[in-house]
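J.: Structure for this input, please:
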Amino acid sequence: MKNKNSALLFFATVVSVAILFTACRKINEATELGGGLIPPIDNINTFDTSIQVFTYNDTFGLATDSQYLGRSEEQFLGLINSDPFFGKTDARMFFEIKPALYGIYPFARKDSVKIDSIVLVLSYVETYGDTNTAQQIKVYEMDQTNNFKYDSAYLVRKENFTYNTSSPLNAGGIAATIFPRNLNDSVKAFQDTTVNQLRIKLDTNFARRLFNYDTSNAYKDDSAFRSKFKGFAVRSEGTGNAVMGFDLTNSAGTKLAIYYKTPKKGSTSFDSTNLYYFFFTTLSAAANYVKRDYINPMLGTMGDAVEDPIAYIQGSPGTFSKVQIPALANLSNKLIHRAELIVEQIYDPGLSDSTFYAPDVLYLDAYDPTITHHYKFRTIPYDLAYTPSGFDFVSFGCLPVNSKDALGNPIKVWKFNLSRYVQHILTKTQKLYDLRLFAPFTLNEQYGIPPGTDGTYPMFLNPTIAKGRIRVGGGNHPTQRMRLRLIYSKL
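T.: So this is what the prediction gives:
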């Protein structure tokens, strides 16, 4: 379920930090465009300068967002109602829970049973946001008209399914009130003591409906069951300031638990029993819908032609910043020792960054209008290396280092290595592209080293959707200015 590159990225972080400090030991960053001469290294006069960049915020819309989510990935549920910089988030889950076997009646008996309760159980993974604000969770039944398939992945930004919001399946029709902070507490239920669960009581009439099915209709096969019950839609309504992650593939933690009593033979008393007969099986479909609502006036300039002093970067489905470096087009040829795009976090004195923390990974790619298919982005030419282990995101600079701003506040800093790309621009062997800074979950990217043939490659960057956001300095920010730093020698 987790991103395949997580372990590799963690290990490589340590290595990259060591390399970074070793390589830069003799060089101090210039503070002005056309900065001064660095003391000679190996009798070569080396210069340090900063090139101005321009940044423009924008959002991914339905027409351009291709982020899909597989059913085995972590799914998110919840509301963020008051992120002071990024507005609101509404995460909803859709999934099927089915019998473990078909062709047999799953209960001990159909009649003369007493139903105690029916509980939808979801395996809890984590919370992103405020764990102390209550959320009201409601469960609905998906309409039979939905085309919900286990072998399909669904666009995260689009709510693909319909359900009747006037008839929740919750017990008494009342939302389950939960606090995210309590989801990792111990749970004690009949024959079930565990941790890390969200448990939502459903109406026992729904359980009775399941009892009344038989092997001639619902329990005959998967198609028959789907004709009776399409699946659950689960959402948070009302208050909330966090999204919660769940693992649907954990059959021990995600299930439909039905607690009931059967009459004892020859007696008027009953035996208590339970049935975890619905599991997330290989035939179960799942989808996650994440809606963003950028109501904050500070984001009102997104998508326009006015340069932005702050770049707003939010994880999938999120936002991006277009980065332009026009001065490179007219720069005379030089020997480039290092070219790096420096991206610095803007510290929030209101401490919202500790609640809504930064993405694990930022990524930089290039807009190439000559690409023939609709997705016209490619890796940065020459600088993002492809190895037998996959793309080398660490050496490219996708992981941050911890630093401090001028006032001593803790911030994160990214330094993207564009050395070969810039060198080829100066030698007129490479086009100058507009760049894009963002925090994707996954993507399929155009990759190739000129003059070789391009190919489309999958990339796995951040471990999940929905989490992570950060404000970084734009090209004209007064203190955390995004800039291209060049270390070069004259030819």
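
J.: In terms of pLDDT, where does residue 264 sit?
T.: Note on residue 264: pLDDT of 71.

J.: change the start of the numbering to 153 and stick with it
T.: All right, first residue 153 from here; so that's residue 416.

J.: Now for it, how many residues are close by?
T.: 10 (other CB atoms under 10 Å). The C-beta positions use only the backbone N, C-alpha and C, and glycine is treated the same way.

J.: same question, residue 603
T.: 6.

J.: show me where this structure has helices.
T.: Here the chain has its helices, by DSSP state H, at 158-175, 356-364, 374-380, 504-507, 545-548, 571-578.

J.: what's the distance between stretch 569-582 and the middle of its chain?
T.: The chain centroid and the centroid of stretch 569-582 are separated by 32 Å under CA atoms, centre = their mean, to the nearest Å.

J.: tell me the average confidence for it?
T.: pLDDT averaged over stretch 569-582 gives 97.

J.: So which bits of that stretch are buried?
T.: For stretch 569-582, a neighbour-count test (16 or more other CB atoms under 10 Å) marks 569, 570, 571, 572, 573, 574, 575, 576, 577, 578, 582 as buried.

J.: just so I have it, where are all the strands in the stretch 203-352 of the chain?
T.: Along the stretch 203-352 of the chain, counting by DSSP state E, counting those that start in this stretch, strands occupy 206-211, 220-221, 227-235, 239-247, 250-251, 266-281, 287-293, 306-307, 328-330, 338-341, 344-347, 349-354.

J.: OK, contacts around residue 469?
T.: If you count contacts by CB atoms under 8 Å, 6 or more residues apart in numbering, residue 469 has them with 212, 217, 219, 308, 309, 442, 444, 617.

J.: Quick check on it: phi, psi?
T.: Torsion angles at residue 469 (phi, psi; degrees, to the nearest 10) stand at phi -80, psi 120.

J.: Please determine how far it is located from residue 314.
T.: 20 Å (CB to CB, to the nearest Å).

J.: who's in contact with residue 281?
T.: Taking CB under 8 Å, 6+ apart, one finds 230, 232, 235, 332, 393, 394, 395, 507, 508 in contact with residue 281.

J.: how about 6 Å then?
T.: 232, 393, 394, 507 (CB atoms under 6 Å, 6 or more residues apart in numbering).

J.: Can I get the buried part of these as one PyMOL selection?
T.: Entered in PyMOL, the line below selects the buried ones among the contacts of residue 281, by 16+ other CB under 10 Å:
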select buried, resi 232+393+394+507
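
J.: May I see the contacts of residue 281 arranged in a markdown table, with distance to residue 492 and pLDDT as well?
T.: Shown next, in a markdown table, are the contacts of residue 281 (distance: CB to CB, whole Å; pLDDT from 0 to 100):
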| residue | distance to residue 492 | pLDDT |
| --- | --- | --- |
| 232 | 33 | 97 |
| 393 | 36 | 97 |
| 394 | 35 | 98 |
| 507 | 30 | 96 |
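
J.: Closest to residue 354 out of the contacts of residue 281?
T.: Nearest to residue 354 out of those is residue 394 (CB to CB; 23.2 Å).

J.: and the closest residue to that closest one other than its chain neighbours, what pLDDT?
T.: Nearest residue to residue 394, sequence neighbours excluded (CB to CB, 6 or more residues apart in numbering): residue 281, at 3.0 Å. pLDDT recorded at residue 281 is 98.

J.: okay, the buried residues of stretch 569-582 in JSON lines with distance to residue 539 next?
T.: Formatted as JSON lines, the buried residues of stretch 569-582 follow (distance: CB to CB, whole Å):
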{"residue": "569", "distance to residue 539": "15"}
{"residue": "570", "distance to residue 539": "19"}
{"residue": "571", "distance to residue 539": "18"}
{"residue": "572", "distance to residue 539": "16"}
{"residue": "573", "distance to residue 539": "18"}
{"residue": "574", "distance to residue 539": "22"}
{"residue": "575", "distance to residue 539": "21"}
{"residue": "576", "distance to residue 539": "21"}
{"residue": "577", "distance to residue 539": "24"}
{"residue": "578", "distance to residue 539": "26"}
{"residue": "582", "distance to residue 539": "22"}
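
J.: Quick check: the spatially most central residue of the chain vs residue 596, distance?
T.: Nearest to the geometric centre of the chain sits residue 617, at 1.5 Å (CA atoms, centre = their mean). Applying CB to CB, the value for residue 617 to residue 596 is 16 Å.

J.: Repeat that for residue 538.
T.: Applying CB to CB to residue 538 and residue 596 gives a distance of 14 Å.

J.: tell me which residues of stretch 239-256 are tucked away?
T.: 239-251, 254.

J.: Any idea how far apart the tips of it sit?
T.: By CA to CA, to the nearest Å, the extent of stretch 239-256 from end to end equals 50 Å.

J.: Let me see the mean pLDDT of it.
T.: The model assigns stretch 239-256 a mean pLDDT of 93.

J.: Equivalent analysis for stretch 546-553, please.
T.: Mean pLDDT, stretch 546-553: 98.

J.: how about that stretch: buried residues?
T.: Buried, per 16+ other CB under 10 Å, within stretch 546-553: 546, 547, 548, 549, 550, 551, 552.

J.: Distance to residue 295 for the residues you listed - can I get that in a markdown table?
T.: Below are those laid out as a markdown table (distance: CB to CB, whole Å):
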| residue | distance to residue 295 |
| --- | --- |
| 546 | 46 |
| 547 | 49 |
| 548 | 46 |
| 549 | 47 |
| 550 | 42 |
| 551 | 44 |
| 552 | 44 |
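
J.: care to break this protein down by domain?
T.: 158-215+447-642, 224-436 (automatic domain parsing).

J.: mind checking how far the last one is from the chain centre?
T.: Which is domain 224-436. A distance of 23 Å separates the centroid of the chain from that of domain 224-436, by CA atoms, centre = their mean.

J.: Please tell me I have it right and residue 534 contacts residue 573.
T.: Yes. Counting by CB atoms under 6 Å, residue 534 touches residue 573, with 5.3 Å between them.

J.: Give me the neighbour count for residue 261.
T.: For residue 261, the neighbour count with other CB under 10 Å is 11.

J.: ignore the last one, residue 401
T.: By the other CB under 10 Å criterion, the neighbourhood of residue 401 contains 17 residues.

J.: Now do the same contact list for residue 576.
T.: Residue 576 makes contacts with residue 582, as judged by CB under 6 Å, 6+ apart.

J.: hmm, try it at 10 Å
T.: 488, 533, 534, 535, 582, 583, 584, 602 (CB atoms under 10 Å, 6 or more residues apart in numbering).

J.: Residue 280 now?
T.: Residue 280 neighbours (CB under 10 Å, 6+ apart): 228, 230, 232, 241, 243, 332, 394-397, 467, 507-509, 616, 618-621.

J.: That one and residue 577, how far apart?
T.: Residue 280 sits 39 Å away from residue 577, going by CB to CB.
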